[in-house]
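Undergrad: Below is the structure, and that's it, no one-letter string:
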């Protein structure tokens, strides 16, 4: 086993999942905190002996740690350097991969700098941008934090299990038990109410009433109650994770608190072990699971990505959510597929085609330029609009895995996973996609000089015919 592997990101992710500080983990490993910090940032090589100690500390196989963690960073950097700002830089893919592999800390620093540039160039740049909109430094930081943590937090799972035990399984069901718990423990009564457009839940009557919008779907109303319970009952666990993170403080704290509370809410509605077993038994049948756990399609998909408990882990999945304008508002990848950081995804990807068949699950075998194939499903959903004249939001939810895991999903039945001709060629973004012959290009390739041939007109202005 190689001892020069740079696995700092994986160690940092496991530490955060356990809610450990660098000091506590360093003490358990018998090394200094400063040395662990250097290892986590890939500035020091890890010895074989220490590798085995780390693996034993987290209860994982050394081989799991030894997998390289620079793939996503490399993809993000390639997307970034494909921007027109770097049009004259003459960087090659090999240069970018070398940066991600040998100087990942520098690569991440450059990404943060570029994020800041995008923020300053955005609309209303003279004022701080809302953390919930656009490509913002805070939103990207929280997204990166989830990715680096593998979207699994053992500390939050334990908190959810504790609350579930306290709520119990009364005769009126889990939702009524959750409301009773909220009243008995915190003195807060739950009511349905007519709230202003866009408001899902609100504390009223001097903090004694939790009002839930009466226009919500039943599963969304339950989730809103669960999230508020999470904020009250697990604030210590949530703040422990945030304080032990590298998130920019205090800017990222409100968004991180909301995201982690939603994680607990999902764990309350869909308890880990029961949900894991159900996923395995139904072969990830999303609609069947949604009915069983009284959850929405998106909630089930998102919960599936969190099944990363050591010894009880599910299929490594990716998740993406986009609107009809191509704005990606949720992205996470354990499958290995690269999801754009600053731009829309490839129009050939079924997450966009799903808008043409709303309500249906669209299936696609996708192949990236590097030859890797992924099994992807997508469904267009509509949110809001449960009152007359209320605006509606149209979103597409995409979920998928590497083709090697596809047989574990019911949606792969009848699909020839081994047929290369059946895979749809997709890319990450037009500027960095090497598929120059693609007729759906929105931009020319960043590494190819743009020339128009007056003697030959292609169907797409940026398309280049291969010999």
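TA: Cool, got the structure. Quick caveat: nothing in here was measured; it's all calculated off a predicted structure.
Undergrad: which residues of the stretch 1-150 of the chain fall in helices?
TA: Ranges of helices within the stretch 1-150 of the chain are 8-17, 22-29, 33-40, 48-58, 62-65, 71-81, 93-102, 104-121, 137-148, based on DSSP state H, counting those that start in this stretch.
Undergrad: so which of the ones you listed gets nearest residue 225?
TA: Of all the helices of the stretch 1-150 of the chain, it is helix 137-148 that lies closest to residue 225, at 23.2 Å by CB to CB. C-beta: built from backbone N, CA, C; applies to glycine.
Undergrad: so which of the helices of the stretch 1-150 of the chain gets nearest residue 240?
TA: Checking those against residue 240 by CB to CB gives helix 8-17 as the closest, at 10.0 Å.
Undergrad: Tell me the secondary structure at the spatially closest residue to residue 442 that is not a sequence neighbour.
TA: Distance criterion CB to CB, 6 or more residues apart in numbering; nearest residue to residue 442, sequence neighbours excluded, is residue 430 at 4.9 Å. What DSSP: H, G, I helix; E, B strand; the rest coil gives for residue 430 is coil.
Undergrad: Residue 430 reaches residue 443, doesn't it?
TA: Yes - the criterion here is CB atoms under 8 Å, and residue 430 meets it with residue 443 at 4.2 Å.
Undergrad: who's more crowded, the two?
TA: In this comparison of residue 430 against residue 443, neighbours counted by other CB atoms under 10 Å, the higher total goes to residue 430 at 21 against 15.
Undergrad: State the pLDDT value of that one.
TA: According to the per-residue confidence, residue 430 scores 73 in pLDDT.
Undergrad: Go ahead and flag the most central residue of the chain.
TA: Compute the mean C-alpha point of the chain, and by CA atoms, centre = their mean the closest residue is residue 332, 2.4 Å away.
Undergrad: Run a quick neighbour tally on residue 32.
TA: Going by other CB under 10 Å, the residues that sit close to residue 32 add up to 13.
Undergrad: Identify the residues contacting it.
TA: residue 26 (CB atoms under 8 Å, 6 or more residues apart in numbering).
Undergrad: roughly how far apart are it and residue 277?
TA: Taken as CB to CB, to the nearest Å, the spacing of residue 32 relative to residue 277 amounts to 42 Å.
Undergrad: before we move on, back to that, just the angle for the helix or strand the residue nearest to the centre of the chain falls within relative to helix 137-148, thanks.
TA: Using DSSP states H and E, residue 332 maps to strand 328-333. Angle, strand 328-333 to helix 137-148, by axes from the mean of the first three to the mean of the last three CA atoms, to 10 degrees: 30 degrees.
Undergrad: Now do the helix or strand that strand 328-333 is followed by: which elements does it pack against?
TA: The helix or strand immediately downstream of strand 328-333 is helix 350-353, counting by DSSP H and E. Packed against helix 350-353, as judged by 3 or more CB pairs under 8 Å, 6 or more residues apart in numbering; DSSP states H and E, are the following elements: strand 317-323, strand 362-367, strand 373-384, strand 392-402.
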